[in-house]
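S.K.: turn this into a model:
(2 chains)
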Amino acid sequence: MTLHANNLHVSVGDKALLTDVSLTVNPGDRIAVLGSNGAGKSTLLNCLTGERRLDQGAVWLNKRLINGHDPQASSKADNDPRARARCMAVMPQNVTLAFPLRVHEVVAMGRSPHQDEAMTRHWQRDAMRLMDVWHLRDREYPRLSGGEQQRTQMARVLVQIWECRETTGEGHYLLLDECFSAADPAHQHTIMDKVGEFATAGVGVVAVMHDMALAAAWADRVVLLKNGEVVASGPVELLTMTQVLQNVYDLPYLLAHHYARNNRHWLARNPGDLVGADEPSAVLFGS
Amino acid sequence: MTIKADAVTVKGEALTVNGTNIKLTEPLIKRLTHGQAWWSALSRQGPRSGGLVACLLVFCLCLLTALWSLMTGPMELQSNDLWRALGNVVQGQPVAGSADWVIRELRLPRVMLAMVVGAGLAVAGCVTQGVFRNPLADPGLIGVSSGAALAAVAVIVLSATWLEGWKGLTGPWALPLAAFCGGLIVTLVIYRLGTRDGQTQVALLLLAGIAINVLAGAATGILTYLADDQQLRDMTFWSMGSLANGRSAEITAATCLIAVPLFVSISRARVLNAMLMGEQVARHLGYSIQRDKRLLLACAALMVGAGVAISGMIGFIGLVVPHLLRLVIGPDHRLLLPLSALSGAWLLLIADTLARTLMAPADLPVGLVMAVIGGPVFLVLLIQQSRRWL
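M.R.: Numbering: from 1, shown residues only, chains lettered A, B, ... in the order given. Below is the predicted model:
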């Protein structure tokens, strides 16, 4: 039960957006994808959801091919999009509505792949409470502020895979694309904590992030991209290493050093992965 | 615990129940607001029961209006004439007497036609607005209707020369199918022009619609010069829209060609709902967007084509009906589409009854009546849009 991306190559014209990127998301993983603007973070996510055609490589969702480079294979790939949506929920950067739906209607849409909107109202309610939009449920979505809209979308995305709270989250995946750019810091952290609860239940979470501090406080693995290539990938402690940050973000030494020190503070807040606690991450932390 | 309260007042942070002051603490507010509020919120939403009631209501209104429409006209009728004629229709007896004939041969086909065409146009409007994600994307405005009309006129005028085989090939289906092809081509062109990366650019869409309307109008004008006397008479009603020309074979064809795509559209209501949030999100929710979008646009083109082929250009139904309904019941297509069908049928039936009775015995083109109703609504919509987009 994994989401597995193998040797992804994507290019537009002669510009390579992704070069030889591989990624495996296991149950319970909390993976943060970081990198400077235009590094290919969102492209990688779009490949994982199967909406961007690959030039090479393949994406397998629970052993089922959902994206492949061969035009013939890709016509066969993703032949059951509803089955994909039942185990993979995606939160895009921002969502605008064509016509004004109310908040609870937007959240109910998350059950659309399961077609049980009426049966799962208690889940929708719980998701709205979890994302702190319960008091906004009768407001029209376009009239909300940016952060409130993102929290509403997050509730919709979570309710799409809510059954993993009842049984196990294994085989379910949550992909987040810079989804809290508009939320205030308090909400950013509490919400990522709650997303972490899903990971603890077994959901594999991949989050594209800009905020290193948030990543350090939340993730257990990071993938650092630069110009479409993976510069470094491994435990979250990579974010505390000055040289790595210097390389990824092209930062001057002093700035990278400050960021690394800062991230060390945030790392202390990281609840950590119970399974991975004995990994040699502590060694990295010291260096 | 329950409190039986006779006098509850809230003043700022303080709540007074039966004369006792209760401080509104956080847990208390939670208990007061959360417990029952969830279900009341849903009853306000009320998608199923409320929707069913609304549908039934409009359906009954439709039936009553149909009866009224059958009764009114230049020839005065008694109500028992009406019942007898309807009974005869049901039992399939031959026409007996002038009252029976007027109802069965003149008014009933027209009522049926108005309802079918109205339902088709309203749902087609609803579908194109949903797919293009804009309330101004009405088939009439973006040129689908005029493309369909052009194709139909071409078949009328050129059936003796260039398109010789077409009419003999398809009989009463010739015009609707030709109009469908014309509408479909325009839909595809408009879609290519107005959509970039899954985002519809409304200005481009409407401007392209204007261009296509002008082009189709010019081509139709040229065809009128080529037409002979009889063809001209056949064609005069295209420009303004009229329900007076339907004969039963053609009405049957149009009914089939509208009913099938109408039900297909209604069955795809969830896709349209998901597309409210954009094509990307709809994909994430597990819909094959490209396939469904093509299917829905083809359905819309078919409904518009069939409507235009039999009744000419009747504008604004696809614009006005979904827009007004959205204001009342919200944008949930599971309810919006069936209610659009019923309301469109109802609106065109009223408009057509007015058209043939206002200046009786003269028969106003129903397209004019609809334009008088729809023009102002279109202007209001434009003003609202300009506040949002400009």
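S.K.: centroid-nearest residue for the chain?
M.R.: No chain was given, so I picked chain A. For chain A, the residue nearest the mean C-alpha position is A:Ala207 (2.5 Å; CA atoms, centre = their mean).
S.K.: switch to chain B, that's the one I care about
M.R.: Geometric centre of chain B, nearest residue: B:Ala122, 0.3 Å, by CA atoms, centre = their mean.
S.K.: right, and it touches B:Leu339 too?
M.R.: No - using CB atoms under 8 Å, B:Ala122 is not in contact with B:Leu339; the gap is 9.1 Å. All C-beta atoms are positioned from the backbone trio N, CA, C, and that covers glycine.
S.K.: since we're on A:Asn94, how many residues are nearby?
M.R.: 15 (other CB atoms under 10 Å in any protein chain shown).
S.K.: distance check, the residue in chain B that chain A sits nearest to against A:Gly202.
M.R.: Taking CB to the nearest CB as the measure, chain B has B:Gly286 as its residue closest to chain A, at 2.7 Å. Distance from B:Gly286 to A:Gly202, counting by CB to CB, to the nearest Å: 21 Å.
S.K.: where does pLDDT dip in the stretch 151-300 of chain B?
M.R.: Applying pLDDT under 70 to the stretch 151-300 of chain B picks out residues B:160-172, B:197-200, B:234, B:237-240, B:245-246.
S.K.: would you mind naming what in it lies close to chain A?
M.R.: B:270, B:273-278, B:280-281, B:283-288 (CB under 8 Å from any CB of the partner chain).
S.K.: hang on, the residue nearest to the centre of chain A is in a strand, isn't it?
M.R.: Yes - according to DSSP: H, G, I helix; E, B strand; the rest coil, A:Ala207 belongs to a strand.
S.K.: the residue nearest to it when sequence neighbours are not counted and chain B, how far apart?
M.R.: Of all residues not flanking A:Ala207 in the chain, A:Leu176 sits nearest, at 4.2 Å (CB to CB, 6 or more residues apart in numbering or on different chains). A:Leu176 sits 12 Å away from chain B, going by CB to the nearest CB, to the nearest Å.
S.K.: neighbours of A:Leu176, just the number please.
M.R.: The number of residues near A:Leu176, taken as other CB under 10 Å, comes to 24.
S.K.: does it really touch A:Met91, like I thought?
M.R.: Yes - applying CB under 8 Å as the test, A:Leu176 and A:Met91 come out as touching, 4.7 Å apart.
S.K.: shared neighbours of the two, which are they?
M.R.: Common contacts of A:Leu176 and A:Met91 (CB atoms under 8 Å, 6 or more residues apart in numbering or on different chains): A:Val157.
S.K.: circling back to that earlier point, check what pLDDT the residue nearest to A:Ala207 gets.
M.R.: At A:Leu176, the pLDDT value in this model is 91.
S.K.: contact partners for A:Val103?
M.R.: Applying CB under 8 Å, 6+ apart, the residues near A:Val103 are A:128, A:133, A:136-141, A:144, A:152.
S.K.: and those residues near chain B, which?
M.R.: Within the contacts of A:Val103, those near chain B by CB under 8 Å from any CB are A:137-138.
S.K.: ok, of the contacts of A:Val103, which come out buried?
M.R.: Taking 16 or more other CB atoms under 10 Å in any protein chain shown as the criterion, what is buried in the contacts of A:Val103 is A:128, A:133, A:136-137, A:139-141, A:144, A:152.
S.K.: out of those, who's nearest chain B?
M.R.: Lowest distance from chain B to these (CB to the nearest CB) belongs to A:Arg137, with 5.6 Å.
S.K.: related to what we said a few turns ago, for the residue nearest to A:Ala207, phi and psi?
M.R.: Main-chain dihedrals, A:Leu176, degrees, to the nearest 10: phi -120, psi 130.
S.K.: quick one, what contacts it?
M.R.: Residues near A:Leu176 by CB under 8 Å, 6+ apart: A:90-91, A:157, A:195, A:205-208.
S.K.: for B:Trp83, see how far away the residue in the stretch 1-150 of chain A positioned nearest to chain B is.
M.R.: Nearest to chain B in the stretch 1-150 of chain A, going by CB to the nearest CB, is A:Ala85, at a distance of 2.7 Å. Here the criterion is CB to CB. By it, A:Ala85 lies 54 Å from B:Trp83.
S.K.: who's more crowded, these two?
M.R.: Neighbour tally, A:Ala85 and B:Trp83, criterion other CB under 10 Å: the higher count belongs to A:Ala85, 24 against 11.
S.K.: give the buried residues for the helix or strand that one falls within.
M.R.: Assessed by DSSP states H and E, A:Ala85 sits inside helix A:81-87. Buried residues in helix A:81-87, defined by neighbour count with 16+ other CB under 10 Å: A:81, A:83-87.
S.K.: past that helix, which element shows up next along the chain?
M.R.: Immediately after helix A:81-87, counting by DSSP H and E, sits strand A:88-91.
S.K.: packing partners of that next one?
M.R.: Helices and strands touching strand A:88-91, by 3 or more CB pairs under 8 Å, 6 or more residues apart in numbering or on different chains; DSSP states H and E, are helix A:146-160, strand A:173-177, helix B:279-284.
S.K.: mind redoing it with 7 Å?
M.R.: Under the contact criterion of 3 or more CB pairs under 7 Å, 6 or more residues apart in numbering or on different chains; DSSP states H and E, strand A:88-91 touches helix A:146-160, strand A:173-177.
S.K.: in the chain, which spans are strands?
M.R.: Chain wasn't specified; assuming chain A. Using DSSP state E, the strands of chain A run over A:3-12, A:15-25, A:30-35, A:56-61, A:64-68, A:88-91, A:173-177, A:204-208, A:221-226, A:229-235.
S.K.: right idea, wrong chain: chain B
M.R.: B:8-11, B:14-17, B:20-23, B:195-196, B:199-200.
S.K.: pick out the shakiest of the ones you listed, pLDDT-wise.
M.R.: strand B:8-11 (a mean of 51).
S.K.: hmm, back to that, what sits closest to the residue nearest to the centre of chain B if chain neighbours are left out?
M.R.: Spatial nearest neighbour of B:Ala122, excluding adjacent residues (CB to CB, 6+ apart): B:Gly344 at 2.4 Å.
S.K.: count of neighbours near the one you found?
M.R.: 30.
S.K.: which residues touch it?
M.R.: B:Gly344 sits next to B:118-119, B:121-123, B:317, B:321 when contact means CB atoms under 7 Å, 6 or more residues apart in numbering or on different chains.
S.K.: if we use 6 Å, what do you get?
M.R.: B:118-119, B:121-122, B:317, B:321 (CB atoms under 6 Å, 6 or more residues apart in numbering or on different chains).
S.K.: number of residues surrounding residue 232?
M.R.: No chain in the question, so chain A it is. Neighbour number of A:Ala232 under other CB under 10 Å is 18.
S.K.: nope, chain B please
M.R.: Other residues close to B:Leu232 by other CB under 10 Å number 13.
S.K.: same deal with B:Pro109?
M.R.: Residues near B:Pro109, counting by other CB under 10 Å, number 18.
S.K.: and it, how far from B:Ala253?
M.R.: Counting by CB to CB - B:Pro109 and B:Ala253 are separated by 13 Å.
S.K.: how about A:Gln149?
M.R.: 48 Å.
S.K.: now swap in B:Val271 and tell me
M.R.: 28 Å.
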